[in-house]
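Engineer: mind looking at a prediction? Sequence and model below.
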Amino acid sequence: MSNLKVLFSDIGHRILPAFALLALLPLWELLCRLFDVPSFILPAPSVIAEAFMSVDMSRWMVHLWATLRVALLGFGLSILISLPLAVLMVRSEFLTRTLFPCLVVIQSTPIVAVAPLLIVILGAGEAPRLVIACLISFFPIVVATTTGMLATPKEMLELSRSLRASPVREVWQVRLPYAVPHIFSGLKVAITLAIIGAVIAEFVAAEQGLGYFVQFSTSYFRIPQAFAALFFLSAVSLVLFKSVQLAQRLFFGWSLPSDDER
Amino acid sequence: MAGLTHAADQVTFQLDWLPGGDKAPIYVGLEQGFFEEEGLDVSISQGRGSNDAMTKLATRQADIGLSDITALMMARAEGEMPVKAVYSVFSEAPHAFYTLEESGIKEVADVAGKQIATSPFTSSNLFLPLLLDINGVDEESIQLINSDPGTLAPMLLTGRTDVVISWITDHERYATNARSAGKTLHVMPWYDAGLEFYATSLIASERFLNERPDVARRFVSAYAKAIEYTWENPHEAAKAVHAVVPEVDVEMAEATIRSIRPLVYNEASDAHGLGAFDAERLATTWEWTARAQEADMDMLDPEAIVDRSFMPGATQ
């Protein structure tokens, strides 16, 4: 294959998913017009686009930044908490048996129910929102990291022990590298959850942010505007998801399957 | 703020819900400088309902704010809530039925046998049985459906329900939707059908009232001034809300301010003065609340939850 051909097939590969999504829009528009669906029930894409344009770009940026900031900080916090936790659990069966049930309990608690409590405890500022984003996103990272480290081949562990590697080196140089693909699949789930967490937190207490804006718009029955914010949110999630993929390709390229850079 | 020779007193104001035309006075106070004149530096915190607002006042996250007085009465009857009402903002309750003009439902008595949609958490639900009772409607005859607040207007406009329960502060939002669907809205405020009592009030944490009574007094007086300005100049008031919260549009806010005027200026405010808590009406408010909640009347002395000494011109 010529280089040009490779380039085109590569571009095709990348653009196809976007086209699939875009193809849905005319269909949606058509159905809305055909059945004359009122915009307070399901607005057509053109109405949503209009609503998007009618909001000042600077206002969008204010809301976007508020949500993004909380989601990213919460995500970072959850990485800082879950990696050491996973290491501890791999090292000690006692900790696995005691910690894991606690983690499951935390994970299965409806965040919306505890959110008001967190706000009373932590105040109405950014702290409770951060904690909510972190709480909702740390679980997949812990599980993925633990699974990945436990999947290290026995022979490798035996080899490292026969060479008298310290426990720290065993984790750092053998187990963690083996876990990298798992960790990244956990991170990909976690980043989208962090956005959801930030939005949920804004439903409960916030003065700005895309979640706040959705709630505000629906309480004023401005459904097209709410949809526009939702689209914006999905776009942001998509970009963040892609960024995690990109980070894996840039820094841990070796952890990807060799034939294909998916 | 640069240029001030002495530091202004900080006050955190707690809204009971999201900003809008019905919350205009606090923004008017800021924009027109009423708070600044009293040496106050006011910041506004948004809320998610009366109970949320009270909790935030009780947990020292705000000093003074808004809440439905019936919610405060219930909270105080149930247990400790270090919060008191100091000024009445809406002296009529905002509960209302919404129907479409073509439905033929003209008054509360006509809802007999109809389907009524409401949102699960509104306090209106508590008062509904009383309203039906005093208007001779058999409660068994109506079919009540609970739905998310955002779905109520669409349900009414598409004919999925005959009647919707909402506050008259939502009038303009429903009307806009109805217009876009080519229909005409009919609103029946419950205060016209015999349910007359106090509603939204200025409430403050007891700590704030005890520790900084002078600040509280200055705040209430500036807020009272802002209320009068709001209903004398609805357009300017709407612009003031928009200036602080750009998401609120001026036209909608102005229409809301105009449409809720009867909640502020009515027979009760004519008789007892703006902001006043008349003892008899206050007792009636508790009586309705207790009946609605099926609570014992003795659980609360309604006088214990108000403090009239912060009213503008009150003798200290």
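Structural biologist: Perfect, thanks for sending it. Numbers count the residues shown, from 1 in each chain, chains lettered A, B, ... in the order given.

Engineer: and the average pLDDT for the helix or strand containing A:Val180 is what?
Structural biologist: Per DSSP states H and E: A:Val180 is located in helix A:176-204. In this model, helix A:176-204 carries a mean pLDDT of 93.

Engineer: repeat for stretch B:180-200
Structural biologist: Averaging pLDDT along stretch B:180-200 gives 93.

Engineer: got the buried residues for it?
Structural biologist: Residues of stretch B:180-200 classed as buried by neighbour count (16 or more other Cβ atoms under 10 Å in any protein chain shown): B:181, B:183, B:185-191, B:193, B:195-200. Placement of C-beta: from N, CA and C, glycine included.

Engineer: got it, and stretch B:62-79?
Structural biologist: Buried residues in stretch B:62-79 (16+ other Cβ under 10 Å): B:62-77.

Engineer: tell me which of these is nearest to B:Glu254?
Structural biologist: Closest to B:Glu254 out of the buried residues of stretch B:62-79 is B:Leu66 (20.1 Å), distances taken as Cβ to Cβ.

Engineer: I figured that closest one hits B:Ala199, correct?
Structural biologist: No: contact criterion Cβ atoms under 8 Å: B:Leu66 and B:Ala199 do not qualify, at 10.3 Å.

Engineer: overlap in contacts, those two.
Structural biologist: B:Val89 (Cβ atoms under 8 Å, 6 or more residues apart in numbering or on different chains).

Engineer: and the next element down the chain from the helix holding A:Val180?
Structural biologist: helix A:210-219.

Engineer: report the mean per-residue pLDDT for that next one.
Structural biologist: What helix A:210-219 shows for mean pLDDT is 87.

Engineer: does chain B have contacts with it?
Structural biologist: Yes: against chain B, helix A:210-219 shows contacts by Cβ under 8 Å from any Cβ of the partner chain at A:Phe213, A:Gln215, A:Phe216, A:Ser217, A:Thr218, A:Ser219.

Engineer: contacts only, for A:Ala198.
Structural biologist: By Cβ under 8 Å, 6+ apart, the contact set of A:Ala198 is A:Thr67, A:Leu68, A:Val70, A:Ala71, A:Gly74, A:Arg129, A:Ile132, A:Ala133, A:Gly209, A:Gly211.

Engineer: mind checking how far the residue in the stretch 101-250 of chain B that chain A sits nearest to is from B:Ser88?
Structural biologist: Taking Cβ to the nearest Cβ, chain A has its nearest neighbour within the stretch 101-250 of chain B at B:Gly150, 4.4 Å off. Look at B:Gly150 and B:Ser88: by Cβ to Cβ, to the nearest Å, they are 30 Å apart.

Engineer: quick one on the thing from earlier: ok, so of the contacts of A:Ala198, who is nearest A:Glu170?
Structural biologist: When these are compared against A:Glu170 (criterion: Cβ to Cβ), the nearest one is A:Gly74, at 30.7 Å.

Engineer: can you tell me the SS state at the residue lying closest to that closest one once chain neighbours are set aside?
Structural biologist: Sequence neighbours aside, A:Ala133 is the residue nearest to A:Gly74 in space, at 2.6 Å (criterion: Cβ to Cβ, 6 or more residues apart in numbering or on different chains). Put simply, A:Ala133 is helix when judged by DSSP: H, G, I helix; E, B strand; the rest coil.

Engineer: A:Ala133: how many residues sit nearby?
Structural biologist: 32 (other Cβ atoms under 10 Å in any protein chain shown).

Engineer: which residues of the stretch 51-200 of chain B lie near chain A?
Structural biologist: Counting by Cβ under 8 Å from any Cβ, the positions of the stretch 51-200 of chain B adjacent to chain A are B:52, B:55-56, B:59, B:61, B:149-150, B:153-154, B:157-158, B:173-174, B:176-177, B:180-181.

Engineer: skipping adjacent residues, who's closest to residue 230 in space?
Structural biologist: As the question left the chain open, I've gone with chain A. A:Val214 is the one closest to A:Leu230 (Cβ to Cβ, 6+ apart), at 6.4 Å.

Engineer: looking at chain B here, not the other one
Structural biologist: Using Cβ to Cβ, 6+ apart and skipping the chain neighbours, the partner closest in space to B:Thr230 is B:Ala237 (4.1 Å).

Engineer: can you pull the contacts of the one you found?
Structural biologist: B:Gly21, B:Ala24, B:Pro25, B:Tyr27, B:Val28, B:Tyr229, B:Thr230, B:Trp231, B:Ala253, B:Glu254, B:Ile257.

Engineer: go on, B:Glu247?
Structural biologist: So, once contact is read as Cβ under 8 Å, 6+ apart, B:Glu247 ends up touching A:Arg59, A:Phe213, A:Phe216, A:Ser217, B:Pro19.

Engineer: selection in ChimeraX covering whichever of the residues of helix A:210-219 next to chain B are buried, please.
Structural biologist: To isolate the buried ones among the residues of helix A:210-219 next to chain B in ChimeraX, judged by 16+ other Cβ under 10 Å, type:
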select /A:213,215,216,217,218,219
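
Engineer: redo the residues of helix A:210-219 next to chain B as a markdown table? Include distance to A:Ile191.
Structural biologist: A markdown table is the format used below for the residues of helix A:210-219 next to chain B (distance: Cβ to Cβ, whole Å):
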| residue | distance to A:Ile191 |
| --- | --- |
| A:Phe213 | 21 |
| A:Gln215 | 23 |
| A:Phe216 | 25 |
| A:Ser217 | 25 |
| A:Thr218 | 25 |
| A:Ser219 | 29 |
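
Engineer: which pair in the residues of helix A:210-219 next to chain B spans the largest distance?
Structural biologist: Greatest spacing in the residues of helix A:210-219 next to chain B, by Cβ to Cβ: A:Phe213 and A:Ser219 (10.8 Å).

Engineer: is A:Lys242 located within a strand, as I assumed?
Structural biologist: No: counting by three-state DSSP, A:Lys242 is located in no strand; its state is helix.

Engineer: need the residues of chain A near chain B, please.
Structural biologist: Counting by Cβ under 8 Å from any Cβ, the positions of chain A adjacent to chain B are A:38-41, A:56, A:59, A:116, A:120, A:123-124, A:204-207, A:213, A:215-221, A:223.

Engineer: if we go to 7 Å?
Structural biologist: By Cβ under 7 Å from any Cβ of the partner chain, the part of chain A that sits against chain B consists of A:38, A:40-41, A:59, A:120, A:123-124, A:204-205, A:207, A:216, A:218-221.

Engineer: of the residues you listed, which pair is most distant in space?
Structural biologist: So, the residues of chain A next to chain B by Cβ to Cβ: farthest apart are A:Pro38 and A:Gly123, at 41.3 Å.

Engineer: thinking again about what came up before, which of the residues in the helix holding A:Val180 are buried?
Structural biologist: Of the residues in helix A:176-204, those buried (16+ other Cβ under 10 Å) are A:176-202, A:204.

Engineer: could you check how far the closest residue to chain B within the stretch 101-250 of chain A is from B:Ser166?
Structural biologist: Among all residues of the stretch 101-250 of chain A, A:Thr218 sits closest to chain B, at 4.4 Å; criterion: Cβ to the nearest Cβ. Using Cβ to Cβ, one gets 14 Å for the distance from A:Thr218 to B:Ser166.
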